[in-house]
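K.L.:
no sequence for this one, just the structure:
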C-alpha cells in the first residue's frame, strides 16, 4: 500500500483567514465590550449638560428679564422733562453738598471752582426743561375744573388745588421770563447793569414766593387727604358663621372665612395702602422743599450742608414719583 502523500491537494484544506478579517473581528469584539460603558458615560454627560443649561436658564433668564424691564422703565423716565429736571436737580444739590462738606481743607482751589461751575451750568440747563411748562399747568387747571364731582363739597374743595396750580403757573411763567432776561442781560450790556440785576433779583423773589405758596398749599392738601384716608380706613369683617366656614372650606377658602371689606364712604383710584403711602412720601418731600425755600427767602437759617442734603433727598423722591407708570391717587367722597 503506497504511503500517503501529504503534499497532494486531495485532502480537505482549512479555510484561509486573512489579516484584515482578524483585525475586523478583534475591533468588533472590542467595541462590543466597551460600547455600553461609552454610551452610559455619554448619557451622563448629556444629562449633566442639560441640567447645567437648565440651571443657567432658570437663574439668568429672570435676571435678564428684570434688567430689560428696568431699562425700558429708564427709557420712559428719561423721556419726561420733569424727570430729567429732577435728575439734574439731584446733581446740582450734590455739587452744592460737595462744595460745603466734602472738599478737604488742603485741597487746591480748582476743586471748588470746578464744582461751582458744574452747579451753575446745571442750574441753567434745568431752565430749558421748564420751558413752556406753564401751558401744562393751565391744562391741569382746566382738567380739575371740568372734572365731575360726586358731592357739592367736593366741587368747592376744588378751589384748593386750583389755587395751587395757579401758583405753579406763575412760577413757571416767571422762571421762563427770568431765563430770557438773564441771557439778554449778559450779552446785551458790556458790563453789569444794576437795574437789570435788581430786576432779576425781584423776579427770583417772586418765583420763590410762588413756589413756597404752592408747597404750603400742597402740604395742607396732602394732610387733608391723609387725614381722610386714616379716618376712613377700610375695615374687615369676618364670616363667623360655621356654615360659611364650612362652605368656604369646601370651596377652597380659609377656615375663618374670606374677609370682606365694609362699605367705605370714600373712593380711591388706587388701593388704600398705595394712596396713603404715596401721599405720605409727597408730604416728606414737600417739607424738605419748604425748608429749602425758606432758606432762599431768608425766612429760616440753615447751613448749606443741610440745604444740599435736603435737596438731594427731595429730588430723589421726585424721581421716584416719576419712575414707572404714572398713576392717579385721587381721593373723593362717594355720593
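P.N.:
Perfect, I can see it now. Owing to the predicted nature of the structure, the values given are computational and were not obtained by experimental measurement.
K.L.:
mind listing what residue 87 touches?
P.N.:
Residues counted as contacts of residue 87 (Cβ atoms under 8 Å, 6 or more residues apart in numbering) are 315, 319. Just so you know, the C-beta spots here come from the backbone N, C-alpha and C atoms, and that holds for glycine as well.
K.L.:
redo that, cut-off 7 Å
P.N.:
The contact partners of residue 87, by Cβ atoms under 7 Å, 6 or more residues apart in numbering, come to residue 319.
K.L.:
ditto for the one 10 residues further on
P.N.:
Contacts for residue 97 were tallied using Cβ under 7 Å, 6+ apart; they are 305, 308, 309, 312.
K.L.:
next one: residue 170
P.N.:
By Cβ under 7 Å, 6+ apart, the residues touching residue 170 are residue 210.
K.L.:
confidence score at it?
P.N.:
Residue 170 is assigned 96 on the pLDDT scale.
K.L.:
that's a helix at it, yeah?
P.N.:
Yes - counting by DSSP: H, G, I helix; E, B strand; the rest coil, residue 170 is part of a helix.
K.L.:
what's the distance between it and residue 234?
P.N.:
With distances taken as Cβ to Cβ, to the nearest Å, residue 170 is found 39 Å from residue 234.
K.L.:
cool, residue 105 as well?
P.N.:
Taking Cβ to Cβ, one finds residue 105 at 57 Å from residue 234.
K.L.:
what's the answer for residue 154, then?
P.N.:
Distance from residue 154 to residue 234, by Cβ to Cβ: 20 Å.
K.L.:
past the lowest-mean-pLDDT helix or strand in the chain, which element shows up next along the chain?
P.N.:
Using mean pLDDT, DSSP states H and E, strand 260-261 stands out as the lowest-scoring helix or strand of the chain, at a mean of 42. Per DSSP states H and E, the first helix or strand lying C-terminal to strand 260-261 is strand 266-268.
K.L.:
outside of that following strand, which residues touch it?
P.N.:
With contact meaning Cβ under 7 Å, 6+ apart, strand 266-268 is reached by 228, 232, 275, 331, 332, 333, 334.
K.L.:
only the buried subset of these, as a PyMOL command please.
P.N.:
Selection of buried members from the contacts of strand 266-268 for PyMOL, criterion 16 or more other Cβ atoms under 10 Å:
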select buried, resi 228+275+331+332+333
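K.L.:
widest-spaced pair of the contacts of strand 266-268?
P.N.:
By the measure Cβ to Cβ, 275 and 334 form the most distant pair in those, at 15.1 Å.
K.L.:
where does pLDDT dip in the stretch 151-300 of the chain?
P.N.:
The model of the stretch 151-300 of the chain has pLDDT under 70 over residues 187-192, 236-263.
K.L.:
that one: helices as residue ranges?
P.N.:
Ranges of helices in the stretch 151-300 of the chain, per DSSP state H, counting those that start in this stretch, are 152-157, 159-188, 194-231, 242-250, 272-297.
K.L.:
I figured residue 222 hits residue 283, correct?
P.N.:
Yes - under the criterion of Cβ atoms under 7 Å, residue 222 makes contact with residue 283 at 4.9 Å.
K.L.:
and these two? which has more neighbours close in?
P.N.:
Applying other Cβ atoms under 10 Å to residue 222 and residue 283 shows that residue 222 carries more neighbours, namely 19 against 16.
K.L.:
hang on, the earlier thing: quick one: which of the helices of the stretch 151-300 of the chain is nearest residue 89?
P.N.:
With Cβ to Cβ as the criterion, residue 89 lies closest to helix 272-297 of the helices of the stretch 151-300 of the chain, at 10.5 Å.
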